[in-house]
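>>> need a structure here:
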Amino acid sequence: MTKANLIEEIYQKVGLMKKESYAVFETLFNIMKETLESGEDIRISSFGNFTLREKASRLGRNPQTGERIEITPHRILKFEPSQVLKKKINSGRNGDLAS
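Prediction:
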């Protein structure tokens, strides 16, 4: 699903005009981006948690040359779905991903 699809869903289900649907979408995601940029986690009940993790610097290897390089410290974003979302995603499945 794309950004345009999400905005269309808001338009269809909430009944806002397309410009208003776009504004709601943009506002929500800007708030989420600003919150994460400031280092705060986001917890959405029945959906999941967006958390930031600090990765320390470490030695790595350039796969093309084999040269050892230092990988600088950085933050990574992790999403962990709630138990409610996991159950909804897996309901009706027999556990076989190939089906």
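
>>> ok, now which ones touch residue 72?
When contacts are counted by Cβ atoms under 8 Å, 6 or more residues apart in numbering, residue 72 touches residue 57. Backbone N, C-alpha and C define where each C-beta goes, glycine included.

>>> domain assignment for this protein?
1-40, 41-90 (automatic domain parsing).

>>> okay, those domains in TSV with mean pLDDT next?
Formatted as TSV, the domains of the chain follow (pLDDT from 0 to 100):
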stretch	mean pLDDT
domain 1-40	95
domain 41-90	95
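
>>> and the gap between residue 13 and residue 58?
The spacing between residue 13 and residue 58, counted by Cβ to Cβ, to the nearest Å, is 45 Å.

>>> contacts for the longest helix along the chain?
Ranked by residue count under DSSP state H, the longest helix found in the chain is helix 18-37. Helix 18-37 has contacts (Cβ under 8 Å, 6+ apart) with 3, 6, 7, 8, 10, 11, 14, 16, 42, 50, 52, 77.

>>> 7 Å - rerun?
Identification of contacts with helix 18-37 by Cβ atoms under 7 Å, 6 or more residues apart in numbering yields 6, 7, 10, 11, 14, 16, 42, 50, 52, 77.
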